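Q: take a look and give me a structure for this.
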Amino acid sequence: MARVSTYFHFAGNAEEAFNFYKSVFQTEFLGPIKRFGDLPCQPGQPPCPPEQTQMVMNISLPILGGHVIMGNDAPASMGERIQGNNVTLLLEPDSRAELDRLFAALKEGGIVEYAPTEMPWGGYWGSVIDRYGNEWMLSCATM
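A: Predicted coordinates:
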């Protein structure tokens, strides 16, 4: 089945971030965490440096409505680079109570941009940047 997922890159704290998201969304990882040390070396390639063997190569977590967030650590020594956050995830839970729960969890250690409030268009909406620098907007119909 086709799907679209959102992929995050982290500066060495992907596992920490995804354990946080796991607690927020109360879901389980899709399969085991894949680590750079799990990759076999190709002929002529040097082995993975010891400090990178436990770094996350890939991790996946379902969040809302079948959407999956994925991520990895992006070590500069492997040519990876973090370009900054230019994506905002919009969460649209089924209820105001669930929006409030998600918002409260995501704001822990983060920055509240807009606390959830009734909006002129008839919705209930808020925005937060989590402790890992990722922006989340949350919206639902007023109930």
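
Q: hmm, what's the outermost residue in this protein?
A: residue 44 (34.6 Å; C-alpha atoms, centre = their mean).

Q: wait, residue 107 touches residue 128, no?
A: Yes. Residue 107 lies in contact with residue 128 (C-beta atoms under 8 Å); the separation is 4.7 Å. Where C-beta positions appear, they are placed from N, C-alpha and C, glycine not excepted.

Q: neighbour count: those two, which is higher?
A: Neighbours per residue (other C-beta atoms under 10 Å) separate residue 107 from residue 128, with residue 128 holding more: 24 against 18.

Q: and that one, what does it touch?
A: Applying C-beta atoms under 8 Å, 6 or more residues apart in numbering to residue 128 gives the contacts 103, 106-107, 110-113, 135-136, 138.

Q: with residue 35 instead?
A: 53-57.

Q: let's go with 6 Å and repeat that
A: For residue 35, the contacting residues are 54, 57, by C-beta atoms under 6 Å, 6 or more residues apart in numbering.

Q: do the same with residue 102
A: Residue 102 touches residue 138, counting by C-beta under 6 Å, 6+ apart.

Q: distance of it relative to residue 68?
A: 16 Å (C-beta to C-beta, to the nearest Å).

Q: do you know how far the most centrally placed residue in the chain is from residue 117?
A: The residue lying closest to the centre of the chain (C-alpha atoms, centre = their mean) is residue 69, at 5.5 Å. Separation of residue 69 from residue 117 (C-beta to C-beta) stands at 26 Å.

Q: ok, now residue 141?
A: 14 Å.

Q: and for residue 104?
A: Counting by C-beta to C-beta, the gap from residue 104 to residue 117 is 14 Å.
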